[in-house]
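Participant: Sequence plus the predicted model coming up.
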Amino acid sequence: MEHITLLIGIVIITALVFDFTNGFHDTANAMATTISTGALGPRVAVAMSAVLNLIGAFLSVEVAKTISGGILDEDSGIRPEVIFAGLVGAILWNLVTWLAGLPSSSSHALFGGLIGATVASVGIDGVNGDAIVMKVLIPAVAAPLVAGIATIVATRLTYRLGRGRAAEDTAKGYRAGQIASAALVSLAHGTNDAQKTMGVITLALVTGGVIAPDSDPPMWVIVSAGLAIALGTYLGGWRIIRTMGKGITDIQPPQGFAAQTGAATVILASSHIGFALSTTQVCSGAVMGAGVGRKGGVVRWSTAGRMVAAWVLTLPAAGLIAAGSALLADQGDWGITAVAVLAVAGCVVIWALSRRKPVDASNVNEVGQDAAAEPVGVVTAALQSVAPPPVGSAATADSTASPDTVSGTTTDQPKAIAAAGSAARAASSSTSS
Amino acid sequence: MSIDWAALGQVFGVSLAVTVGVVGVFTLGIVGTSRKALGPEGAAVATATAGGVPAQGGGATTLARSGAYACFALCAAVVAYGIYLIVA
């Protein structure tokens, strides 16, 4: 009994860690365009998103009864080891894509991890192939298309209607519109994704016999899941925010408003009608649509391509990591310990790699020029984006550093002046609001 | 394997209509309240009709302004409905 309790405890902690990565991975969805257009300062934006995520976690009591939504045969004895291994796969893949600055779906990472762990430990029969197509593959294709097309039309419309007006006159209105729609996305994210973690923890508690089957999650589960996702959101996945807000296309306030409204609408419509679409893919599609919709707007298709490649890889990659973890965890106590130690080591390594080229609130609005010009495979690209900093990264050494000290510390870099300039812009935009 | 095309089509249709509608109405509101009120004639007329505000005295500016506030109110209602969908 003690053994089970310890294992359940590990699963709960792992689920909360996943919830945390989910939060900071998905901050970009709600806030990337808001930050890149300067509608809100970076820190204000993530703080607002965090609060709304937390509120969202408490708003809905409709906790996911199945963690995988029918993809797995959960009745055939879902074991805590399998959940644990699946979570480890999802966490590590979330961190890898974060390191590469690529927005990928946290839900798909969770699905992939659980599928991989189930296949490794139960066999292929435990997975429902039709459900994978229906819940993962088709939404993955549909989400960016639906959001993209809606946003293209909306962007065209808003530019056409507002063409007689000076940008300064309309800026305030677009700013308010962006903030409102970003708030909706944050709230929806809190209700959806925090619920997912609550579902995982509740299931772990049920399998451990701690609470009765079909019972609602205890209050401490709701509170801790909400806090974990809010904390992750507040820390902000700046790398992904930069990719979505600046890397894919240059966003202007009308585009940001159109993209954010399109994303909020598609998310709410899809979850209400019952054809759930991934928030990440909806938001990325909306941003691309906004880029296409503006005359003279440029979408950096190489960045978009890397992002799509990450989407394709998410399920198998998280699945592979989870499968390895599941095989190891099946070996007994020492196996589970080994998985836990390896997972923590992996997180530390990825975090250490990220410090070589840090992205935070002070340089989040700089375009990653390196991201635009590499016609290479996604794995190489992902590795390259980890490689030593090509541009302006020293600006993050101290977020309050003045432009002078910044350019002083980056003298060995050819783009130091440009970097300092944009860092100053970013700093002023973050303090002005 | 059955793909739920109906639901997908519905999501697409609703999303497109609501996105374009909200963005359009909100932009009309912005256009109506921005300082250069002598923009294209059509915008002011469209603002007034979209808002359904009867023309009662006042110049075109007042008309555009009240129409714009009606637009913003409509958008606020849509946002409120969105929050209702999230909570429900």
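Facilitator: Perfect, thanks for sending it.

Participant: three-state assignment of A:Ala326?
Facilitator: Secondary structure, DSSP: H, G, I helix; E, B strand; the rest coil: A:Ala326 is helix.

Participant: tell me which element the residue of the stretch 1-150 of chain A found nearest chain B falls in.
Facilitator: Relative to chain B, the nearest point of the stretch 1-150 of chain A is A:Ala150 (4.1 Å; Cβ to the nearest Cβ). The C-beta positions use only the backbone N, C-alpha and C, and glycine is treated the same way. Element membership of A:Ala150 [criterion: DSSP states H and E] is helix A:138-161.

Participant: Quick check, the residue of the stretch 1-150 of chain A closest to chain B in contact with A:Val266.
Facilitator: Yes. Here A:Ala150 reaches A:Val266: they are 6.5 Å apart, a contact under Cβ atoms under 8 Å.

Participant: residues bridging contact with these two, i.e. touching both?
Facilitator: Common contacts of A:Ala150 and A:Val266 (Cβ atoms under 8 Å, 6 or more residues apart in numbering or on different chains): A:Ala286, B:Ser15, B:Thr19.

Participant: Can you tell me which of the residues you listed has the most neighbours?
Facilitator: Counting neighbours by other Cβ atoms under 10 Å in any protein chain shown, A:Ala286 leads the shared contacts of A:Ala150 and A:Val266 with 38 neighbours.

Participant: Would you check that A:Ile229 makes contact with A:Asn192?
Facilitator: No. Using Cβ under 8 Å, A:Ile229 is not in contact with A:Asn192; the gap is 10.2 Å.

Participant: returning to what we had before: show me what the helix holding A:Ala150 is packed up against.
Facilitator: helix A:253-273, helix A:279-293, helix B:5-33 (3 or more Cβ pairs under 8 Å, 6 or more residues apart in numbering or on different chains; DSSP states H and E).

Participant: got the buried residues for that helix?
Facilitator: A:138-140, A:142-144, A:146-159, A:161 (16 or more other Cβ atoms under 10 Å in any protein chain shown).

Participant: then that helix to PDB, C-alphas only?
Facilitator: Extracted C-alpha coordinates of helix A:138-161, given in PDB (Å, rounded to 0.1, in the frame of the first residue of the first chain):
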ATOM      1  CA  ILE A 138      -7.900  15.700 -38.800                       C
ATOM      2  CA  PRO A 139      -8.100  18.500 -36.200                       C
ATOM      3  CA  ALA A 140      -4.400  19.100 -36.800                       C
ATOM      4  CA  VAL A 141      -5.000  19.800 -40.500                       C
ATOM      5  CA  ALA A 142      -8.300  21.500 -40.000                       C
ATOM      6  CA  ALA A 143      -7.400  23.900 -37.100                       C
ATOM      7  CA  PRO A 144      -4.900  26.100 -39.000                       C
ATOM      8  CA  LEU A 145      -7.000  26.100 -42.100                       C
ATOM      9  CA  VAL A 146     -10.200  27.100 -40.400                       C
ATOM     10  CA  ALA A 147      -8.500  29.800 -38.200                       C
ATOM     11  CA  GLY A 148      -6.300  30.900 -41.100                       C
ATOM     12  CA  ILE A 149      -9.100  31.400 -43.600                       C
ATOM     13  CA  ALA A 150     -11.300  33.200 -41.100                       C
ATOM     14  CA  THR A 151      -8.500  35.500 -40.100                       C
ATOM     15  CA  ILE A 152      -7.500  36.200 -43.700                       C
ATOM     16  CA  VAL A 153     -11.000  37.400 -44.500                       C
ATOM     17  CA  ALA A 154     -11.200  39.400 -41.200                       C
ATOM     18  CA  THR A 155      -7.800  41.000 -41.800                       C
ATOM     19  CA  ARG A 156      -8.800  42.100 -45.300                       C
ATOM     20  CA  LEU A 157     -12.100  43.500 -44.000                       C
ATOM     21  CA  THR A 158     -10.600  45.400 -41.100                       C
ATOM     22  CA  TYR A 159      -8.000  47.000 -43.300                       C
ATOM     23  CA  ARG A 160     -10.600  47.900 -46.000                       C
ATOM     24  CA  LEU A 161     -13.000  49.400 -43.500                       C
END
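
Participant: If you average the pLDDT over that helix, what comes out?
Facilitator: Mean per-residue pLDDT for helix A:138-161: 90.

Participant: Following the chain onward from the helix or strand of chain B with the lowest mean pLDDT, which element is next?
Facilitator: Least confident helix or strand of chain B, by mean pLDDT, DSSP states H and E, is helix B:41-51 with a mean of 45. Counting by DSSP H and E, the next helix or strand C-terminal to helix B:41-51 is helix B:60-87.

Participant: So which elements touch that next one?
Facilitator: Contact analysis of helix B:60-87 by 3+ Cβ pairs under 8 Å, 6+ apart lists helix A:42-59, helix A:167-207, helix A:253-273, helix B:5-33, helix B:41-51 as its packing neighbours.

Participant: Pull the distance from the helix or strand where A:Ile12 lies to the chain's centre.
Facilitator: If you go by DSSP H and E, A:Ile12 is part of helix A:2-36. Offset of helix A:2-36 from its chain centre (Cα atoms, centre = their mean, to the nearest Å): 10 Å.

Participant: what's the angle between that helix and helix A:253-273?
Facilitator: Per axes from the mean of the first three to the mean of the last three Cα atoms, to 10 degrees, the angle that helix A:2-36 makes with helix A:253-273 is 140 degrees.

Participant: Give the rounded mean pLDDT of helix A:2-36.
Facilitator: 86.

Participant: hang on, the earlier thing: give the full set of residues in contact with the spatially closest residue to the residue of the stretch 1-150 of chain A closest to chain B that is not a sequence neighbour.
Facilitator: Once flanking residues are discounted, A:Ala150 sits nearest to B:Thr19: 4.1 Å by Cβ to Cβ, 6 or more residues apart in numbering or on different chains. Taking Cβ under 8 Å, 6+ apart, we find B:Thr19 in contact with A:Ala150, A:Thr151, A:Val153, A:Ala154, A:Ala258, A:Thr261, A:Gly262, A:Thr265, A:Val266.

Participant: same question, A:Asn22
Facilitator: If you count contacts by Cβ under 8 Å, 6+ apart, A:Asn22 has them with A:Asn94, A:Ser106, A:Asp193, A:Lys196, A:Thr197, A:Ile229, A:Gly232.

Participant: can you count the residues close to residue 20?
Facilitator: All of this refers to chain A. 22.

Participant: sorry, should have said chain B
Facilitator: B:Val20 has 23 neighbours, counted by other Cβ under 10 Å.

Participant: Please consider this matter closed, and thank you.
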